[in-house]
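Engineer: got a sequence here, can you build the structure:
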Amino acid sequence: MGVADTDLANAIRALSMDAVEAANSGHPGMPMGMADVATVLFTRYLKFDPTEPKWPDRDRFVLSAGHGSMLIYALLHLTGYAAPTIDDVRNFRQIGSPCAGHPENFELPGVECTTGPLGQGLAMAVGMAAAERHLNAVFGDTVVDHRTWVIAGDGCLMEGINHEAVGLAGTLGLGRLNVLWDDNRITIDGAVALSSSEDIPVRYRASGWHVAECDGHDFADIDRALAEAAADPRPSLVQCRTIIGKGAPNKQGTSKTHGSPLGKDEVAAARAALGWTHAPFEIPGDIAAAWRRYGERGAETRAAWESRLAAHVDGAEFSRRMAGDVELEDATGWAFATWDEVPTSVATRKASEFALTGLTAAMPELIGGSADLTGSNFTKTDSLKTFSASDYAGRYINYGIREFGMAAAMNGMALHGGVIPFGGTFLVFSDYARPAIRLSALQRARVVYVMTHDSIGVGEDGPTHQPIEHVMSLRMIPGLDVYRPCDAVETAECWALALARKDGPGLLALSRQNLPLLREGGDMLSARGAYRLRAATADRRVVLIATGSEVAIAVEAADRLEGQGIGADVVSMPCWSRFDAQDAGYRADVLPADTLKVSVEAGTTLGWERYTGDGGLRIGIDGFGASGPSGALYTHFGLTAEAIADKIIAKLQS
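Structural biologist: Below is the predicted model of the structure:
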């Protein structure tokens, strides 16, 4: 006699409440409430092989409601993944355990993306589904034919990003995307009705989705609803009516199970109510074996896929794209492929387009897009046709005015593999995308952000559109390489560096206004993060450190100083994080201790003291911008060669 679905689900419930209780921290309610739905999904629908967690044609499973992390940890353990072990589960939420408070993709194979910030998991799943459809259009069903499944909670559906993600998925017709909504009607504060009266199924239907519903504790009804979702050509929302904390007799259905351990007495009562007589963290042999058998089923499917891939005419190219390796030398060559067409004076946003022209022609894995600013970001080249519901082979996504949704979708694409996404908007609107940019860095996802209109050089649009604190605040995100190139050469170099880095994101802050060419190529100097662009001719007393559009101004200021016998180096610093990674000797050579160091950047001066020291000068803008022509604004804020030289001379004389 086989093991009943109820027993399989109760194993999830038991591990979840035991782990949370042992940690005295966590969220037992969601995994206990969704255990039945997850059991049906993993035993009847999800395509996976625990022995090959990175099998490219596996289904992607995203736990968007990441606070319920014990759900996925229990499932990975029960189905036979090498990790987490039962000791890992025992040490849930403890330092050194891969079972972190929220699922982290770099801790455990089988965790597709890092979730916890509500709504972002579902939005990343949109990107995964888009990547699947694109690769399917290029390589065909024999190599790419999988689905993306999501478990999302009420909070995921309330967050603003959900509206962006749902609208995009509906417009693109991503029918391989299925979202299982844990409709338990409870949030931390209490009933969902306290804060929301939204008719969610109507909203999804209006966005082009198929909607099904089921009793989330009736295995047959769950099976029916998931079958409907899998069969429908539209993206699907399955409304699973559940009881949060199912099995805890005194607390189930209430917010008391949401974000706190059940407590010793309630755990004992739940064991009695569920008929689970086993010790904490103990799974009976027959139940454990049944779960392992479900996990083992995918090996045969995966082996058959490997045979098809080996026989596929483009199998090697598919494997190359999934591997994701990009050589810096190759990327540099492609970025400079159209160099003969680049003017000597050009905005770095336009220089970026020249670099992208060569890159997108040579790299079919590049998928671009913009948040409704294509003509301003210059992110579309002749090699990029539109990705749409009628042509998934396209490589350019019109994201609409959805900066957050765009960034999260790009994270999903990058994590899916086989594609390298880039997307554009104005730098000031990085505020809308920032939570997803942070997750790019945390997840070590190769996403390239093209952020144009990077300073008061925006001009007449005024302070609402003029970044001041943005570049500096983005530099604070660990693992994010922020590039602010000064000319067309640095722009091409920065593109190559961003694409060659496989383990994290890059962001290019690019000018609206034209900038002069300050270099003629040569060595890949931007790889150092900062370098001496111009050496002093007189005895060196000053080092000007500048980025982006202010490097040319710093060069002019240095000329003025040299004219008065004051030796001045000019250092271009396109990327702080790369410079900080250089050895101490190189950094000391570029920024010698016996000089007055002066930073010049059209943004906040906060942070520059790490390079100038307390005795240096920091020239920038520590308030909001203003509306007016670009040139007039630079004069107004003292960002001219004359004004800068005068300040330096006054400092030297003080």
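Engineer: and what about the residue lying closest to G607 once chain neighbours are set aside, helix, strand or coil?
Structural biologist: Sequence neighbours aside, M472 is the residue nearest to G607 in space, at 5.0 Å (criterion: Cβ to Cβ, 6 or more residues apart in numbering). The way it works is simple: take the backbone N, C-alpha and C, and place the C-beta from them, glycine included. Following DSSP: H, G, I helix; E, B strand; the rest coil, we place M472 in the helix state.
Engineer: report pLDDT for the residue sitting nearest the centre point of the chain.
Structural biologist: Centroid-nearest residue in the chain, with Cα atoms, centre = their mean: S440, separated by 2.9 Å. pLDDT for S440: 98.
Engineer: can you point out the buried residues in whatever helix or strand it lives in?
Structural biologist: Using DSSP states H and E, S440 sits in helix 430-443. Within helix 430-443, the residues scored as buried using 16 or more other Cβ atoms under 10 Å are 430, 432-443.
Engineer: mind putting those residues in CSV, distance to D215 included?
Structural biologist: Below are these laid out as CSV (distance: Cβ to Cβ, whole Å):
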residue, distance to D215
S430, 43
Y432, 38
A433, 38
R434, 39
P435, 34
A436, 34
I437, 40
R438, 38
L439, 34
S440, 38
A441, 41
L442, 36
Q443, 35
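Engineer: closest to A602 out of these?
Structural biologist: Nearest to A602 among the buried residues of helix 430-443, counting by Cβ to Cβ, is S430 at 15.9 Å.
Engineer: picking that back up, the helix holding S440: how far from the chain's middle?
Structural biologist: Computed by Cα atoms, centre = their mean, to the nearest Å, the chain-centroid distance of helix 430-443 equals 6 Å.
Engineer: what is that helix packed up against?
Structural biologist: Counting contacts by 3 or more Cβ pairs under 8 Å, 6 or more residues apart in numbering; DSSP states H and E, helix 430-443 is packed against helix 120-139, helix 403-416, strand 448-452, helix 470-475.
Engineer: okay if I get the ones you listed as CSV plus mean neighbour count and distance to E52?
Structural biologist: As requested, the helices and strands packed on helix 430-443 are arranged in CSV below (neighbours: other Cβ atoms under 10 Å; distance: least, Cβ to Cβ, whole Å):
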stretch, mean neighbour count, distance to E52
helix 120-139, 27, 18
helix 403-416, 30, 16
strand 448-452, 27, 29
helix 470-475, 21, 37
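Engineer: output the ones you listed in JSON lines, with mean pLDDT appended to each entry.
Structural biologist: Shown next, in JSON lines, are the helices and strands packed on helix 430-443 (pLDDT from 0 to 100):
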{"stretch": "helix 120-139", "mean pLDDT": "99"}
{"stretch": "helix 403-416", "mean pLDDT": "99"}
{"stretch": "strand 448-452", "mean pLDDT": "98"}
{"stretch": "helix 470-475", "mean pLDDT": "98"}
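Engineer: can you count the residues close to W149?
Structural biologist: W149 has 27 neighbouring residues, counting by other Cβ atoms under 10 Å.
Engineer: oh, that last question was meant for C486, not what I typed.
Structural biologist: With other Cβ under 10 Å as criterion, C486 counts 29.
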